[in-house]
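Asker: structure for the following, please:
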Amino acid sequence: MRIPLTLLLLNLAVSSVNAQTVSTSTRPVIDMHMHTWLPDPPDGRDSARAYIRGILAQLDSFQVVLGVMSGPEEELDLWASMASNRVLLAPVFPCDHGLMPDPGVTANPHRSYCFRSRKEFPDTAWLRRQFRSGRFRAMGELTNQYAGVAFDDPRMMPYYALAQEFDVPVAFHTNGSFPLTAQGCCPKFRLRLGDPIQLEDVLVKFPRLRVQIMHGWPSDQLFAMLYQYPQLVVDLSPWAALMPAPAFHALLRKYKDAGYLDRVLFGTDYPNISQAVTAFTSADFLSPAELDGVLCGNAERFLRLSGVCNGSRKQQ
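Answerer: The predicted model follows:
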């Protein structure tokens, strides 16, 4: 989701205050659900660079050592030019009419194209080159629900095969969005297309595919999926940032009680990360080892990296 410039600047200002006033953990954090977050409407490349520097300062305040970032191709390139050692880049698709979904904004003439090609889906040969070169290190947020494309649509199969071949993690937008999304940005949006259970055929067909369910709302079906498919993990964005702490802690405790806390990844999906970090660090029912896992270790394991959470990782 793209956010108006005034709200983005407000979030940065609030976060700057929170970084100084809120008692947060000094534990390292991997944010598994970031976006390019550039101002809207665009205000020139210098403004975008200044904004990125502000976000990087915010990440430093909360010990975010690495992030998986998705967004339009051109914006990903700008982030890579300024923070290649801090972010792993991932393409967003499918994109209805080639445009990024923009939920929550009723009228936005500045919607970006997902790819320079302006196509709904990236060319598979081109995407293969991006993975081979290391330009892209993950796939998604896959925005099937916004584009009206089922997870098991035949058009998606070549991309899953490519991700499995290169051992690239794949992140899916699931569950819902802002009210009246189909009446706003995305007329093909349907709730049924975001049900995580609809991923089952994909997981069966591609047993080595590493899958991240974004917006993982706890449910019996989701817990059954986690039990059945060990390659599956969840992030709890944006609930950690948006829900009151007691409500979010009740949600998080469900994962702990069900025995799936080691499959939970930290993610924000928002420019303002202070509430998200505090939501986890204030959960007094988590042991230090569990908190370390959710904030960093679980993601490090899922990404098949080493040295990220203890500070020994070499810069890319």
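
Asker: please enumerate the strands of the stretch 201-316 of the chain.
Answerer: When assigned using DSSP state E, counting those that start in this stretch, the strands of the stretch 201-316 of the chain occupy the ranges 211-214, 232-235, 264-265.

Asker: point out the most buried one among those strands.
Answerer: strand 264-265 (a mean of 27; mean count of other C-beta atoms under 10 Å). C-beta here means a position set from N, CA and C on the backbone, and glycine is covered the same way.

Asker: give me the residue at the spatial middle of the chain.
Answerer: residue 33 (2.1 Å; C-alpha atoms, centre = their mean).

Asker: is it true that that residue touches residue 141?
Answerer: Yes. Under the criterion of C-beta atoms under 8 Å, residue 33 makes contact with residue 141 at 7.4 Å.

Asker: shared neighbours, those two?
Answerer: Contact criterion C-beta atoms under 8 Å, 6 or more residues apart in numbering; residues shared by residue 33 and residue 141: 171, 214.

Asker: can you tell me the SS state at the residue nearest to the centre of the chain?
Answerer: Recorded secondary structure, residue 33: strand (DSSP: H, G, I helix; E, B strand; the rest coil).

Asker: and if you look at the one 4 residues further on?
Answerer: Under the three-state scheme (three-state DSSP), the conformation of residue 37 reads as coil.

Asker: tell me how many other residues crowd it.
Answerer: Other residues within reach of residue 37, judged by other C-beta atoms under 10 Å, total 23.

Asker: and stretch 51-65, what's buried?
Answerer: 51, 52, 54, 55, 56, 58, 59, 61, 62, 64, 65 (16 or more other C-beta atoms under 10 Å).

Asker: and which of these is nearest to residue 262?
Answerer: Each of the buried residues of stretch 51-65 was scored against residue 262 by C-beta to C-beta, and residue 65 proved nearest at 19.5 Å.

Asker: distance check, the closest residue to that closest one other than its chain neighbours against residue 237.
Answerer: Leaving aside its chain neighbours, residue 65 sits nearest to residue 28 (4.7 Å; criterion: C-beta to C-beta, 6 or more residues apart in numbering). Distance, residue 28 to residue 237, using C-beta to C-beta, to the nearest Å: 18 Å.

Asker: need the strands of the stretch 201-316 of the chain in a markdown table with distance to residue 163, can you?
Answerer: A markdown table is the format used below for the strands of the stretch 201-316 of the chain (distance: least, C-beta to C-beta, whole Å):
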| stretch | distance to residue 163 |
| --- | --- |
| strand 211-214 | 9 |
| strand 232-235 | 14 |
| strand 264-265 | 17 |
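
Asker: which one of these lies closest to residue 80?
Answerer: Evaluated over these, closeness to residue 80 peaks at strand 211-214, with 20.8 Å, by C-beta to C-beta.

Asker: pretty sure residue 198 sits against residue 153.
Answerer: No. Using C-beta under 8 Å, residue 198 and residue 153 do not qualify as a contacting pair, with a distance of 10.4 Å.

Asker: skipping its backbone neighbours, what lies nearest residue 101 in space?
Answerer: Closest residue in space to residue 101, ignoring its immediate chain neighbours: residue 146 at 3.7 Å, by C-beta to C-beta, 6+ apart.

Asker: near the one you found, how many other residues are there?
Answerer: A count of nearby residues for residue 146, using other C-beta under 10 Å, gives 30.

Asker: if I pick it, what's in contact with it?
Answerer: 96, 101, 103, 173, 177, 181, 185, 186, 188, 189.
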